[in-house]
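In: fold the following.
(one chain, ligands or ions: 1)
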Amino acid sequence: MLKLPIYLDHNATTPCDPRVLEAMIPYFTKLFGNAASRNHPFGWQAAEAVEFAREQVAALIHADPAEIVFTSGATEADNLAIKGVADMYAARGNHIITVATEHKAVLDTCRHLEKMGADITWLSVKPDGLVDLDELEKAIRPNTVLIAIMYANNETGVIQPVRAISEIAKRHGVLFFTDATQAVGKIPVDVIRDGIDIMALSAHKIYGPKGVGALYVRRKNPRVRLTAQMDGGGHERGMRSGTLNVPAIVGLGKACEICTLEMENDNKRIRTLRDKLENGLLKIEGAVLNGNKIFRLPQVCNISFRNADENALMISLSKEIALSSGSACTSASPEPSYVLKAMGLDDELAKPSLRFGLGKYTTAEEIDFTIERVGEVVREKCENV
Ligand SMILES: *Cc1c(COP(=O)(O)O)cnc(C)c1O
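Out: Prediction:
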């Protein structure tokens, strides 16, 4: 039976997989030790659980466990990566290249550094959301220390040509950082094959708990060094002080293990549902798909409904279908999505956009209902304008 409301906002967060929760529970009560306690079994057990999780995370992205630094999520990982490089390599230069469609955690971190005197190049994107590789290469200068470009976009699902970007970075001796929060666990991410030097990920986007994530920091060819952004006990090889959140880390590890084993099958099914949804929605008059159709995550589609009123759309849909709209509806006059604006969409198209983010528990019935309901609402709202 169809149960309302339907959750189609998996790019914002996902429910915890019950197997993840089950793995975490003992670490709140019986196995409560501090992973930094070296002198007794309570600490040893906690440390062992953390090291096991480190292996599970590393396995999903083909890294070495010693290259994984646990953080409180992708926002912290983004901050640590960008500020950590800016501080550590300050003698080499202060120029960072990033892209206008990055997540706020990257954009605002770069903006912060800019205020502190760093030189930031904000690349634009092509209308399909992809970066222009020639423009990227031209932007590199002798004082460039970092290229920060996300793996896949959270609003459109557009996947950047990460391997080509890393080759450009390598050719110029510049470090390459990627926020892969949306890509990890959805598509195969391989830090060796992809040539990634630093990479952020988060548990709650892959059916793990909120408040935990990781930063991959390459140890050889080249060995990346980061200045810690938090001072304290020197946890995580000095890169991130603070008592480790053992239950959450265990959950992140389990979530990664499940992705390693199941994401291929899950995503085949999800992609089929997404394509069905997308084909259905694009039949609605005025509907336009945003972002490159091919280089895109399997579980998301972002569609603009020309002439529809974005507020009316959201108000009519939000009780039955949990969705994200392109506009930040926090104020009286909603601002259109900066991601869609950077892709060259005018307000007419950028404002009435909806992001449909499917997940592994999404059903065919939910998709059928969504196609029908969105169609009804758009037709109603268009007639009224
Ligand atoms: C969700 C998300 C983040 C933030 O992750 P948190 O773990 O919630 O801090 C950063 N980047 C991208 C691309 C995201 O989708």
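
In: okay, CA-based contacts and neighbour counts for the rest of this
Out: OK.

In: quick one: contacts for residue 372?
Out: Listed by CA atoms under 8 Å, 6 or more residues apart in numbering, residue 372 has no contact partners.

In: state whether it is indeed within a strand.
Out: No - looking at residue 372 with DSSP: H, G, I helix; E, B strand; the rest coil, it is helix, so not inside a strand.

In: might you report the residue contacts of residue 304?
Out: If you count contacts by CA under 8 Å, 6+ apart, then residue 304 has 286, 287, 288, 289, 290, 349, 350, 351, 352, 353, 354 around it.

In: how close does the nearest residue to it once chain neighbours are set aside sit to residue 121?
Out: In space, and not counting its chain neighbours, residue 304 is closest to residue 353: 3.9 Å by CA to CA, 6 or more residues apart in numbering. Distance from residue 353 to residue 121, counting by CA to CA, to the nearest Å: 28 Å.

In: neighbour count winner among the two?
Out: residue 353 (29 against 19; other CA atoms under 10 Å).

In: isn't the residue nearest to residue 304 up against residue 323?
Out: No - the criterion here is CA atoms under 8 Å, and residue 353 misses it with residue 323 at 10.4 Å.

In: residue of the stretch 201-350 of the chain with the smallest distance to the ligand?
Out: Closest contact between the stretch 201-350 of the chain and the ligand, by CA to the nearest ligand atom, is at residue 202 (4.6 Å).

In: my guess is that residue meets residue 73, correct?
Out: Yes - using CA under 8 Å, residue 202 makes contact with residue 73 at a distance of 5.1 Å.

In: quickly list what's touching both of the two.
Out: With contacts taken as CA under 8 Å, 6+ apart, residue 202 and residue 73 have 212, 213, 214 as neighbours in common.

In: and of those residues, the nearest to residue 170?
Out: residue 214 (23.3 Å; CA to CA).

In: please name the residues that touch the closest one.
Out: 68, 69, 70, 71, 72, 73, 74, 77, 200, 201, 202.

In: quick one: what helix or strand has it in it?
Out: Per DSSP states H and E, residue 214 falls inside strand 213-217.

In: what's the distance between that strand and the middle of its chain?
Out: Taking CA atoms, centre = their mean, to the nearest Å, one finds the center of strand 213-217 at 13 Å from the center of the full chain.

In: what is the mean pLDDT for that strand?
Out: Strand 213-217 carries an average pLDDT of 98.

In: which strands border it, and is each parallel or antiparallel?
Out: Paired strands of strand 213-217, with direction, are strand 68-71 (antiparallel), strand 198-202 (antiparallel) (DSSP bridges).
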